[in-house]
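S.K.: Give me coordinates for this.
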Amino acid sequence: MPSAEHELPLEFVRNNPEMTAVLLKEAFGFKIPDYDTARTVSGDCADLAPKDYRGDAVVSFTEDGDRNVFAVVFEVQRKPDQRKRFSWPVYHSTVRARLECPTALMVLCPDSATADWARFPIDTGHPEYALRPLVVGPTEIPVITDPARAREQPELSALSALAHGGDDAGEAVLAAYAEALSVLPRDRGPIYHDYVLNGLSETARAFWEALMATDTYTFKSDFARYYIATGEARGEARGEAKALLWLLEARG
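M.R.: Predicted structure coming up:
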């Protein structure tokens, strides 16, 4: 079963399909054709063989209502998996044929080692045809420190917080991410928050918790109030658990 760490970046794409266009431009200097709408579409890659092929997410950029001008197959890869070197070309070719437009394969990797593995060209066996995935590792994710941009692109800000929260610019990145959380719907903010918090280093987590407790953010949004209330509830639960363990130990 897919983990939350795998599924949340896909939820970012579903909630903000244009994030893929931003990553293409800023990480690879690649500008897609002019478009009116970006939307996620089916990632199914039908095959006559019994084996099921399905990409993680597919974004279609359309113009003039429904004319596809570009597509992105978006994959999340948390560790090397040699099978993907056979399935990724299937995803790419099938989506390109189904949508009848230029198509790119983008792979998001949370760590540099997996990113280096994913960047290696895939030799398809056909002369001069090697598929080179566009890999977004920690170094390709933009460093977002501008609060206004974070509010405009909260999903990208979340990825930036995970990738750069422990870097030299980490405090500014996390402060911008706090701004991004303040504009999210109540049902989405806690999910984004927990996803990033679980992936932060110990130092970055300490700064984040201190930031959330300041007067600047404590009452700034429904999410901040939720965070403080949840933190207090967890603290009370830990205290009660320790008391219970002490009592059980005292009774042998």
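
S.K.: where do the strands sit along this protein?
M.R.: With DSSP state E as the criterion, the chain has strands at 37-41, 44-45, 53-54, 57-63, 67-76, 103-108, 122-123, 130-131, 134-136.

S.K.: Would you mind giving those strands as JSON lines with mean pLDDT, distance to residue 148 and mean neighbour count added?
M.R.: C-betas here are computed from N, CA, C, even on glycine. Listed next are the strands of the chain as JSON lines, based on pLDDT from 0 to 100; distance: least, CB to CB, whole Å; neighbours: other CB atoms under 10 Å:
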{"stretch": "strand 37-41", "mean pLDDT": "90", "distance to residue 148": "21", "mean neighbour count": "16"}
{"stretch": "strand 44-45", "mean pLDDT": "54", "distance to residue 148": "38", "mean neighbour count": "18"}
{"stretch": "strand 53-54", "mean pLDDT": "62", "distance to residue 148": "37", "mean neighbour count": "15"}
{"stretch": "strand 57-63", "mean pLDDT": "94", "distance to residue 148": "24", "mean neighbour count": "22"}
{"stretch": "strand 67-76", "mean pLDDT": "95", "distance to residue 148": "25", "mean neighbour count": "22"}
{"stretch": "strand 103-108", "mean pLDDT": "96", "distance to residue 148": "24", "mean neighbour count": "23"}
{"stretch": "strand 122-123", "mean pLDDT": "94", "distance to residue 148": "39", "mean neighbour count": "14"}
{"stretch": "strand 130-131", "mean pLDDT": "94", "distance to residue 148": "37", "mean neighbour count": "14"}
{"stretch": "strand 134-136", "mean pLDDT": "97", "distance to residue 148": "23", "mean neighbour count": "24"}
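
S.K.: could these go into a markdown table alongside distance to residue 209?
M.R.: Shown next, in a markdown table, are those (distance: least, CB to CB, whole Å):
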| stretch | distance to residue 209 |
| --- | --- |
| strand 37-41 | 33 |
| strand 44-45 | 42 |
| strand 53-54 | 38 |
| strand 57-63 | 31 |
| strand 67-76 | 27 |
| strand 103-108 | 26 |
| strand 122-123 | 42 |
| strand 130-131 | 43 |
| strand 134-136 | 28 |
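
S.K.: now residue 37, nearest residue through space, not along the chain?
M.R.: The shortest distance from residue 37 to any non-neighbouring residue, by CB to CB, 6 or more residues apart in numbering, is to residue 62 (5.0 Å).

S.K.: Tell me where the stretch 101-250 of the chain is predicted with low confidence.
M.R.: Along the stretch 101-250 of the chain, segments meeting pLDDT under 70 span 215-250.

S.K.: if we go to 80?
M.R.: Residue ranges of the stretch 101-250 of the chain with pLDDT under 80: 212-250.

S.K.: returning to that earlier point: residue 194: which of the strands of the chain is closest?
M.R.: Checking these against residue 194 by CB to CB gives strand 67-76 as the closest, at 17.2 Å.

S.K.: what pairs with the closest one, and is each one parallel or antiparallel?
M.R.: strand 57-63 (antiparallel), strand 103-108 (parallel) (DSSP bridges).

S.K.: Just the residues contacting that strand, thanks.
M.R.: 6, 9-10, 13, 20-21, 24, 32-35, 41, 43, 55-63, 84, 88, 91-92, 95-96, 99-108, 133 (CB atoms under 8 Å, 6 or more residues apart in numbering).
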